[in-house]
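> Next come a sequence and a model predicted from it.
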Amino acid sequence: MEIVPVSLVLNYQQTGKYALNVVAGSIMTRRILRGTPVYFSKNLEQLLTHINEAQRQSEKVVVGWSFYSPQFTTIIDDLTVIKQQTNSANVIHLAGGVHATAEPLQTLNAGFDLVAVGEGEQIICDLLAAIATGQDIKTTRGIAYLDAEALVKNGKGETVDLNDYPPCASRYRKFGPIEITRGCVYACKFCQTPFVNKARFRHRGIENIAHYV
C-alpha cells in the first residue's frame, strides 16, 4: 500500500455538514491536494473506523470538526471517546466554524489540537499543503494552538472570494444548498456571524451559480 503524506477525515454528522462540503470541495482547487484521501464519517463508529483506516495509509491524519455553540458539549464528549480509542500519535484534531472562531482558547482547552480561526477554505488548503510538503503547520495563517497552555493565534483566515471555491464537493457526491451569499449586515449581539468578517454581505457571481446549478 502506498503511504500518502496526509488524509482528511471529516466528522460528517448533521451539524456543520454543509460547511464540510465546502471544505472538501476547496481542496480540489489545489493540484498538490487532489490525491488526498477524504473520509466522511456519519457517526462516531464510522469516525473511529475511518481514523484507523487513514492512519494505515497516511503519515498524518487531520480530523475536521465543525459545530455550533449548542453542540459544543456533545462534540467534546465525542472527541474524548475518539482520543481514548485511537492512537493519536499522527492524528491532528482541527476545529473550525463560528464557535471555534469565537472561542479558540476554550476549544483548544477542551482537547482540540488546532483551531481554524475565520473562513475555512484557505486555511484547510494551506494546512494540508504544509503537511504534504513538510512545512511547519503552526505557521499557517488562521491557525490557533496552545504553547505551554498559552494561546497562539496566527491571525485570521483569509476572507475568501466565493467564486474561487466550489459550493459543494462534487468529486465525493456531497451536495447541499448553494451558498449564494455569505455574511450578514445585522449585528445581532447573540450571533457570531457578522463579527467573523464584519457586518457585510458577499455574493457568489451569477455565472458561477449557474455553473453549479
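Now that the structure is in, tell me what you want to look at. Residues are numbered from 1 along each chain as shown.

> lowest confidence element among the helices and strands of this structure?
One helix or strand of the chain scores below all others by mean pLDDT, DSSP states H and E: helix 193-196, with a mean of 76.

> Check which helices and strands the strand or helix carrying His93 is in contact with.
Assigned by DSSP states H and E, His93 belongs to strand 91-96. On a contact count with 3 or more CB pairs under 8 Å, 6 or more residues apart in numbering; DSSP states H and E, strand 91-96 meets strand 58-66, helix 72-85, strand 114-116, helix 120-132. Where you see a C-beta, it was placed from the backbone N, CA and C, and this is true even at glycine.

> before we move on, the earlier item: which element follows the least confident helix or strand of the chain toward the C-terminus?
strand 201-203.

> Dump the helix or strand just after that following strand to CSV, keeping only the CA atoms.
Helices and strands here follow DSSP H and E; after strand 201-203, the next one along the chain is helix 206-212. Extracted C-alpha coordinates of helix 206-212, given in CSV (Å, rounded to 0.1, in the frame of the first residue of the first chain):
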residue,chain,number,x,y,z
ILE,A,206,-24.5,34.7,-11.3
GLU,A,207,-22.3,32.8,-13.8
ASN,A,208,-20.7,30.8,-11.0
ILE,A,209,-24.2,30.0,-9.6
ALA,A,210,-25.4,28.9,-13.0
HIS,A,211,-22.4,26.7,-13.4
TYR,A,212,-23.1,24.7,-10.3
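
> who's in contact with helix 206-212?
Applying CB atoms under 8 Å, 6 or more residues apart in numbering, the contact partners of helix 206-212 are Leu162, Asn163, Pro166, Pro167, Cys168, Ile178, Ile180.

> circling back to that earlier point, deepest-packed of the helices and strands packed on strand 91-96, please.
strand 114-116 (a mean of 28; mean count of other CB atoms under 10 Å).

> quick one: strands adjacent to that strand?
Strand pairing for strand 114-116, determined by DSSP bridges: strand 91-96 (parallel), strand 143-147 (antiparallel).

> Mind telling me what element the closest residue to Ser170 other than its chain neighbours is part of?
What sits nearest to Ser170 in space, not counting adjacent residues and going by CB to CB, 6 or more residues apart in numbering, is Gly25, at 7.1 Å. Element membership for Gly25, per DSSP H and E: helix 17-26.

> quick one: that helix to chain centroid distance?
8 Å (CA atoms, centre = their mean, to the nearest Å).

> Might you list the low-confidence residue ranges for the chain?
Applying pLDDT under 70 to the chain flags the ranges 1.

> thinking again about what came up before, so what touches the strand holding His93?
19, 23, 51, 55, 60-67, 79, 82-83, 107, 111-116, 120, 123-124, 127, 137.

> Repeat the analysis, applying 6 Å as the threshold.
61-66, 107, 112-116, 120 (CB atoms under 6 Å, 6 or more residues apart in numbering).

> Pull the most distant pair out of those residues.
Farthest-apart pair in the contacts of strand 91-96 is Val61 and Thr107; separation 19.1 Å (CB to CB).
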